[in-house]
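K.L.:
Any chance you could fold what I've pasted below:
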Amino acid sequence: MSRDYDDDPMTDDELQWAAKHISERFEEHDTRFLGLLTPEQRAEHLHALRRLYEHIDRIWEAPKQAGGPHPVELGGYGAVAGLRDMVDTLIGHAEQAQVDAGDVPENYLVRTTVELVD
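P.N.:
Residues are numbered from 1 along each chain as shown. Next up, the predicted model:
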């Protein structure tokens, strides 16, 4: 029997805590597989995580940028806060994997080009 989210929704604090907890518990697995990547792949992975963080952060900052209240005051932003925390922790895993592998991140900069097509 499937459970409907609306039957027992998590609070904002629970969502944020759960996301942070999952990312911390994921560290052993993440670190092991990051160690199997090439320096170029680790750099690409880290770049993708940073782009994801920027996207989530824009969502988090949008109410403040619009002159509204802090997202915490609005409610409903627990998932956004949790994802920010989770991705931040994953970025830390990737950065540590680079250090552990002896990567020189400056040698593996990733550039993204976006082409707009009509």
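K.L.:
what's the closest non-adjacent residue to the residue positioned nearest the centre of the chain?
P.N.:
For the chain, the residue sitting closest to the mean C-alpha position, by Cα atoms, centre = their mean, is Val87 at 1.8 Å. Nearest residue to Val87, sequence neighbours excluded (Cβ to Cβ, 6 or more residues apart in numbering): Tyr53, at 4.6 Å. C-beta coordinates here come from the backbone N, C-alpha and C atoms, glycine included.
K.L.:
What about the one you found, how many residues nearby?
P.N.:
17 (other Cβ atoms under 10 Å).
K.L.:
Quick check on Glu87: phi, psi?
P.N.:
Rather than Glu, residue 87 is Val. phi -70, psi -40 (degrees, to the nearest 10).
K.L.:
do Val72 as well
P.N.:
Dihedral angles (degrees, to the nearest 10) for Val72: phi -60, psi -40.
K.L.:
list the contacts for it?
P.N.:
Neighbouring residues of Val72 by Cβ atoms under 8 Å, 6 or more residues apart in numbering: 12, 81.
K.L.:
quick one: buried residues of the lowest-mean-pLDDT helix or strand in the chain?
P.N.:
Taking mean pLDDT, DSSP states H and E as the measure, the helices and strands of the chain show their lowest mean at helix 71-74, namely a mean of 82. Neighbour counts using 16 or more other Cβ atoms under 10 Å place Pro71 of helix 71-74 among the buried residues.
K.L.:
At which residues are the helices of the protein located?
P.N.:
Counting by DSSP state H, one finds helices in the chain at the ranges 12-25, 27-34, 39-65, 71-74, 78-101.
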